[in-house]
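Asker: this is the structure alone, sequence omitted:
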């Protein structure tokens with residue numbers, strides 16, 4: 001059965017709404033697109049608040065979107081705000097006012113959620129899988145920041161967020177007040193300072209062949225100035241086209257493309273970011289799929305509701321992102337793998353008992369991978385160090401709330417008693433507190449079996465028997481320490497589930 005769905009992007013310098021048809025042969029099809037320029041990002045990045053005038057304009061635009069949705073008889077929609085709303089000092093007040101005045105409920109995406117959705121939007125286009133099979137830099141240029149995600153052999157290698165947004169750069173230029181002829185030089189210096197650190201810390205020996213770019217206006221430039229509409233272009237062709245475009249003043253670019261002059265002025269920062277990345281990576285080919293956050297919102301909705309069945313496993317990218325953070329902080333992969341294996345086995349065996357979903361399973365997996373990162377800084381207080389490092393890291397694809405849950409699970413997985421006071425400090429609601437406690441209980445049990453890095457586990461089976469969770473471990477090692485101290489890790493599990501974990505060690509090879 002076909003259904004209409006609306007995806008609304010409350011962006012830093014533009015509001016857009018796309019209407020999609022879900023179902024049918026294609027699974028997802030764009031039916032309509034409405035865009036309206038409104039520069040709320042300049043307000044936020046300058047003063048930390050959206051002015052009254054901009055707020056009135058924003059609400060009027062969203063009222064218009066609401067009328068269009070009513071005309072299509074659309075009931076299902078998702079509306080998301082990004083950095084311009086996320087970085088206001090009164091975000092909750094802004095969201096409440098929008099809903100009361102327009103009838104549209106807007107949620108705020110964390111940076112990692114936003115970039116993950118935009119990356120999902122690129123998967124709507126053909127050839128996504130073939131691109132990332134080779135060394136690829138996925139560059140998502142926004143108003144507030146730029147996200148660079150590196151892929152190697154089809155797997156996410158690393159991702160980092162840089163404060164190189166087009167609006168943010170333009171705001172810096174207003175403070176400096178250079179003449180227009182100096183813009184390129186000054187922007188180049190701003191961009192190079194950030195990208196030099198990125199190159200040193202993250203690229204390493206990754207061989208980048210392609211750069212995939214998400215940007216609002218570069219695809220338009222490619223089509224109008226260069227005549228390239230498929231999004232694929234060589235570096236030489238790209239530089240020739242951009243050179244021809246950038247000799248024009250912003251008002252000339254605006255006239256040629258039919259866009260506001262203010263928007264045309266955002267092209268130069270984007271072009272310089274890409275140009276510097278080409279120099280750093282040595283990439284030979286570029287791909288500009290011309291997708292937006294709205295496409296990613298629709299893709300995610302279609303995926304979650306069974307309208308499409310993606311070939312690419314995006315959860316693997318989230319796990320890979322966590323693994324790269326762990327590797328950066330010297331966490332042993334062998335320990336993380338063993339801990340993940342045990343924790344997920346316990347989770348799967350107790351699914352009827354805990355009632356949690358695949359999303360909570362993913363959070364447990366991430367927690368197991370990141371459990372020992374704090375030891376990189378301190379062996380005496382690894383719990384607190386791990387908590388701080390996870391909170392300060394960006395794990396693409398999970399929300400800020402989920403990152404708080406992961407950090408809390410990791411901190412409370414250490415031998416000290418679980419700290420319920422932290423839930424109030426983190427502003428986790430009752431449901432999230434319960435899930436965090438359950439996942440902590442499972443991870444504490446798993447750490448009791450993975451405490452020795454030199455001991456191997458050949459096989460593990462977990463079964464519920466009456467009021468006991470029987471964990472049978474097959475190992476060539478005696479595991480005397482694990483058996484002796486296992487009980488100190490089971491208290492939280494008994495409290496959360498009313499079940500007692502019991503450890504049984506079987507000699508590997510024994511019958």
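Answerer: All right, it came through fine. Treat the numbers as computed from the prediction; the structure is a model and nothing was measured.

Asker: for stretch 265-282, buried residues please.
Answerer: Applying a neighbour-count criterion of 16 or more other C-beta atoms under 10 Å, the buried positions in stretch 265-282 are 265-278, 280-281. Placement of C-beta: from N, CA and C, glycine included.

Asker: cool, and stretch 249-265?
Answerer: In stretch 249-265, the ones that count as buried by 16+ other C-beta under 10 Å are 250, 253, 254, 257, 259, 263, 264, 265.

Asker: narrow the buried residues of stretch 265-282 to those in helices?
Answerer: Secondary structure defined by DSSP state H assigns 267-278, 280-281 of the buried residues of stretch 265-282 to helices.

Asker: quick check, nearest of the residues you listed to residue 178?
Answerer: Nearest to residue 178 among those, counting by C-beta to C-beta, is residue 268 at 12.2 Å.

Asker: relative to residue 323, how far out is that closest one?
Answerer: 37 Å (C-beta to C-beta, to the nearest Å).

Asker: residue 14 now?
Answerer: Relative to residue 323, and taking C-beta to C-beta, residue 14 is found at 35 Å.

Asker: next structured bit after the helix or strand bottoming out on mean pLDDT in the chain?
Answerer: For the chain, counting by mean pLDDT, DSSP states H and E, helix 421-426 ranks last in confidence among helices and strands (a mean of 66). On the C-terminal side of helix 421-426, the nearest following helix or strand under DSSP states H and E is helix 430-449.

Asker: in the chain, what spans have low per-residue confidence?
Answerer: Filtered on pLDDT under 70, the chain yields the residue ranges 126, 224-230, 257, 416-426, 451-458, 477, 480-482, 484, 508-511.

Asker: now residue 34, what's its secondary structure?
Answerer: strand (DSSP: H, G, I helix; E, B strand; the rest coil).

Asker: tell me which residues touch it, please.
Answerer: Applying C-beta atoms under 8 Å, 6 or more residues apart in numbering, we find residue 34 in contact with 16, 17, 18, 64, 65, 68.

Asker: can you tell me which of the residues you listed has the most neighbours?
Answerer: Per-residue neighbour counts (other C-beta atoms under 10 Å) across the contacts of residue 34 peak at residue 17, which has 26 neighbours.

Asker: helix or strand: which one has residue 321?
Answerer: helix 314-328.

Asker: who are the packing partners of that helix?
Answerer: helix 111-122, strand 155-162, helix 333-349, helix 358-370 (3 or more C-beta pairs under 8 Å, 6 or more residues apart in numbering; DSSP states H and E).

Asker: the ones you listed: which one's closest to residue 494?
Answerer: helix 333-349 (13.6 Å).

Asker: need the contact partners of that closest one.
Answerer: 323, 326-327, 354, 356, 361, 364-365, 367-369, 371-372, 442-443, 445-447, 449-450, 453, 457, 460-464, 469, 471.

Asker: please state the offset of the very next helix or strand once past it from the chain centre?
Answerer: Using DSSP H and E, the next helix or strand after helix 333-349 towards the C-terminus is helix 351-354. Helix 351-354 sits 28 Å away from the centroid of its parent chain (C-alpha atoms, centre = their mean, to the nearest Å).

Asker: so which elements touch helix 351-354?
Answerer: So helix 351-354, by 3+ C-beta pairs under 8 Å, 6+ apart, packs with no helix or strand.

Asker: so which bits of stretch 190-200 are buried?
Answerer: In stretch 190-200, the ones that count as buried by 16+ other C-beta under 10 Å are 190, 191, 194, 195, 198, 199.

Asker: mind checking the SS state of the first one?
Answerer: Looking back up the chat, that one is residue 190. helix.

Asker: quick one: contacts for the nearest residue to it once chain neighbours are set aside?
Answerer: Closest residue in space to residue 190, ignoring its immediate chain neighbours: residue 169 at 6.0 Å, by C-beta to C-beta, 6 or more residues apart in numbering. By C-beta under 8 Å, 6+ apart, the contact set of residue 169 is 187, 190, 191, 269.

Asker: and the end-to-end length of stretch 307-322?
Answerer: 28 Å (C-alpha to C-alpha, to the nearest Å).

Asker: contact partners of it?
Answerer: Taking C-beta under 8 Å, 6+ apart as the rule, stretch 307-322 contacts 22-23, 27-28, 116, 120, 123, 128-129, 155-159, 299, 301-303, 362, 365-366, 369-370, 395-398.

Asker: OK, contacts around residue 102?
Answerer: Counted by C-beta under 8 Å, 6+ apart, residue 102 has contacts 59, 62, 63, 65, 66.

Asker: just to revisit the earlier point, okay, the buried residues of stretch 249-265 in JSON lines with distance to residue 319 next?
Answerer: Listed next are the buried residues of stretch 249-265 as JSON lines, based on distance: C-beta to C-beta, whole Å:
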{"residue": "250", "distance to residue 319": "43"}
{"residue": "253", "distance to residue 319": "42"}
{"residue": "254", "distance to residue 319": "44"}
{"residue": "257", "distance to residue 319": "41"}
{"residue": "259", "distance to residue 319": "40"}
{"residue": "263", "distance to residue 319": "38"}
{"residue": "264", "distance to residue 319": "41"}
{"residue": "265", "distance to residue 319": "40"}
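
Asker: that older thread, looking at the buried residues of stretch 190-200, which is nearest residue 383?
Answerer: residue 198 (30.4 Å).

Asker: so that closest one is in contact with residue 164, correct?
Answerer: No: shown here, residue 198 and residue 164 do not form a contact pair, counting by C-beta atoms under 8 Å, at 9.5 Å.

Asker: what's the closest of the buried residues of stretch 249-265 to residue 503?
Answerer: Nearest member of those to residue 503, counting by C-beta to C-beta, is residue 263, at 63.0 Å.

Asker: my guess is that closest one contacts residue 217. True?
Answerer: Yes: contact criterion C-beta under 8 Å: residue 263 and residue 217 qualify, at 6.7 Å.

Asker: what does stretch 238-250 contact?
Answerer: Contacts for stretch 238-250 (C-beta under 8 Å, 6+ apart): 180, 184, 221-222, 225-226, 228, 233, 253, 256, 261, 264-265, 267-268, 271, 274-275, 278, 286.

Asker: what's downstream of whichever strand or helix holds residue 464, the next helix or strand?
Answerer: Per DSSP H and E: residue 464 is located in strand 459-465. Following strand 459-465 in sequence order, the next helix or strand is strand 468-475 (DSSP H and E).

Asker: tell me the strands beside that following strand, with direction?
Answerer: Taking DSSP bridges as the criterion, strand 468-475 sits next to strand 459-465 (antiparallel), strand 500-507 (parallel) in its sheet.

Asker: pick the most buried one from those strands.
Answerer: strand 500-507 (a mean of 16; mean count of other C-beta atoms under 10 Å).

Asker: how far off centre is it?
Answerer: 38 Å.

Asker: which residues are contacting it?
Answerer: Taking C-beta under 8 Å, 6+ apart as the rule, strand 500-507 contacts 445, 448-449, 467-476, 478-479, 482-483, 486, 490, 493-494.

Asker: how big is the angle separating that strand from helix 430-449?
Answerer: 30 degrees (axes from the mean of the first three to the mean of the last three C-alpha atoms, to 10 degrees).
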